[in-house]
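*Asks:* fold the stuff below for me.
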Amino acid sequence: MEPKKNQELELKRNSVLYFAIGLVAVLLLTYVALEWKSYHTQPEIALSDGNLYPDLDELPPVTIQPLPPPPPPKVQPVIFEIVPDKDDIAETVFASTETDYTTEIAPVDSIQVMDLDIPEEVSFIIIEDAPIFPGCENAEDKKLCFQQMMQKHIRKNFHYPEIAQEMGLQGRVNVIFTIQKDGSIDEVRMRGPHESLENEASRIISKLPKMTPGKQRGTPVKVPFSIPITFRLN
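*Replies:* This is a model prediction of the structure:
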């Protein structure tokens, strides 16, 4: 069977040869482009004649100009003022402050005593003598005993309001009251999530016993105290 195409006219016959010739030509052109060097033409300057400044006939000489001396400092003249003598000079007599047998002793009642600047109200944290809760008279740390007795009093008299249980109310009531100078409890203030919880906290504080008042420098003062009461449903 004879082939239908002429093998001498086949385009793919010498494709490998043509590809190799093209690759060699490309590499050759790339090499020539990378190795090609060009130089900029520069004007030649003849330095043998030494005439670099043809427009100047002669260079000006270098001279040194001395600076003028600084002006002398100004001296202020000293002026002496003659003060006339004073004939009458009053001498100061210093009395002796030492006591002897002729010194008169003032009575005690006539001596003025400066009043102590004691505030009307002192915080429970910084007061010198804290209020004493009944039962803490012999405690070493009366402030700590006061706080422990307050917690015990709250647990003893605590009662969860029925309306708060039915409504599912719970939270913390912050209570602030003042221990007066006579040891009584007054100026009760509170803030809580509901009025029923605040009323219960007020009832617990109203059952506090009378206390020994706090003292600052030996003087009874008002002492504010704050404590939180937590209401929590089981």
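
*Asks:* all the helices of this protein, residue numbers only.
*Replies:* 15-35, 142-157, 162-167, 195-206 (DSSP state H).

*Asks:* the strands in this protein, which residues?
*Replies:* Secondary structure of the chain by DSSP state E: the strands cover 171-179, 185-191, 215-216, 219-220, 223-231.

*Asks:* count of residues packed around Gly214?
*Replies:* Other residues near Gly214 come to 28 when the count uses other Cβ atoms under 10 Å. C-beta here means a position set from N, CA and C on the backbone, and glycine is covered the same way.

*Asks:* how about the contacts made by it?
*Replies:* 122, 124, 127, 129-131, 179, 220-221, 223 (Cβ atoms under 8 Å, 6 or more residues apart in numbering).

*Asks:* and the strands of the chain: which comes nearest Leu28?
*Replies:* Closest of the strands of the chain to Leu28 is strand 171-179, at 93.7 Å (criterion: Cβ to Cβ).

*Asks:* for the closest one, packing partners?
*Replies:* Strand 171-179 is packed against strand 185-191, helix 195-206, strand 223-231, with contacts defined by 3 or more Cβ pairs under 8 Å, 6 or more residues apart in numbering; DSSP states H and E.

*Asks:* can you tell me which of the helices of the chain is most buried?
*Replies:* helix 195-206 (a mean of 17; mean count of other Cβ atoms under 10 Å).

*Asks:* need the contact partners of that helix.
*Replies:* With Cβ under 8 Å, 6+ apart, helix 195-206 has contacts from 153-154, 157-161, 163-164, 169, 171, 173, 175, 177, 185, 188, 190-192, 229, 231.

*Asks:* what about that helix, average pLDDT?
*Replies:* Averaging pLDDT along helix 195-206 gives 90.

*Asks:* how far off centre is that helix?
*Replies:* Distance of helix 195-206 from the chain centroid (Cα atoms, centre = their mean, to the nearest Å) equals 41 Å.

*Asks:* re earlier: quick one: the helices and strands packed on strand 171-179 as JSON lines, columns for distance to Val75 too.
*Replies:* JSON lines is the format used below for the helices and strands packed on strand 171-179 (distance: least, Cβ to Cβ, whole Å):
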{"stretch": "strand 185-191", "distance to Val75": "80"}
{"stretch": "helix 195-206", "distance to Val75": "88"}
{"stretch": "strand 223-231", "distance to Val75": "75"}
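
*Asks:* Ala139 is nearest to which of these?
*Replies:* Nearest to Ala139, of all those, is strand 223-231, at 16.6 Å by Cβ to Cβ.
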